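1. Next come a sequence and a model predicted from it.
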Amino acid sequence: MANVKPIPDGFHTLTPHIVCKGAAKAIDWYKKAFGAVELSRSPMPGSDLLMHSLVKIGDSMMMIVDEFPDMNCFGPATLKNSPVTLHMYVENADAVVAKAAAAGAKITMPLMDMFWGDRYAKLEDPFGHHWSIATKIAYPTHAEMEAAAKAAFAKMPPV
């Protein structure tokens, strides 16, 4: 096994590995909404359930598997929520959010210019996964960001 790269080509240090109820349908949705490219899929022997798949969105890989309740493997649709948000920096947040909404995403936070310098929105895909979509529009200094955050949070009700 000489000359085996410890990190395969095309992968970054961190790679999302998500569980979806209906992984094959999720792959199709990610193709439509985010331009994902399917690289591989491995169904469970004797089943249509995916025990592994790999897609590429932009320059990043993402693994997608089906739910396997016997292995304590559940997606957010079954759990009724997800504590995880998948974040994507894109060239044009407005276009990506519009495309995702047209494909059936639920916009949970509309596009806004944020105090930290992003044009930013949040959405939920049809499989229950949360996404944030952003385009960098400015690089505020730490002091500028602190002042803008203070002003933004002053307008919000107390937590």
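-> Perfect, thanks for sending it.
2. how close does Tyr139 sit to Asn92?
-> Tyr139 is 18 Å from Asn92, where distance means C-beta to C-beta, to the nearest Å. For every residue, glycine as well, the C-beta is placed using N, CA and C.
3. Revised request: answer the last question for His129.
-> Going from His129 to Asn92 by C-beta to C-beta gives 21 Å.
4. higher neighbour count, Tyr139 and Asn92?
-> Neighbour count, other C-beta atoms under 10 Å: between Tyr139 and Asn92, Asn92 has more, with 12 against 9.
5. My guess is the more buried one contacts Lys136. True?
-> No. At 11.6 Å, Asn92 does not count as touching Lys136 under the criterion of C-beta atoms under 8 Å.
6. For the residue lying closest to Lys106 once chain neighbours are set aside, which residues are in contact?
-> Distances taken as C-beta to C-beta, 6 or more residues apart in numbering put Glu124 closest to Lys106, at 4.5 Å, once the chain neighbours are dropped. Contacts for Glu124 were tallied using C-beta atoms under 8 Å, 6 or more residues apart in numbering; they are Ala105, Lys106, Thr108, His130, Trp131.
7. so the residue sitting nearest the centre point of the chain is in which element?
-> In the chain, the residue lying closest to the centroid (C-alpha atoms, centre = their mean) is Leu86, at 3.2 Å. Per DSSP states H and E: Leu86 is located in strand 85-89.
8. list the buried ones in stretch 144-159?
-> Residues of stretch 144-159 classed as buried: Met145 (neighbour count, 16 or more other C-beta atoms under 10 Å).
9. How about stretch 35-45?
-> Of all the residues in stretch 35-45, those buried under the rule 16+ other C-beta under 10 Å are Ala36, Arg41.
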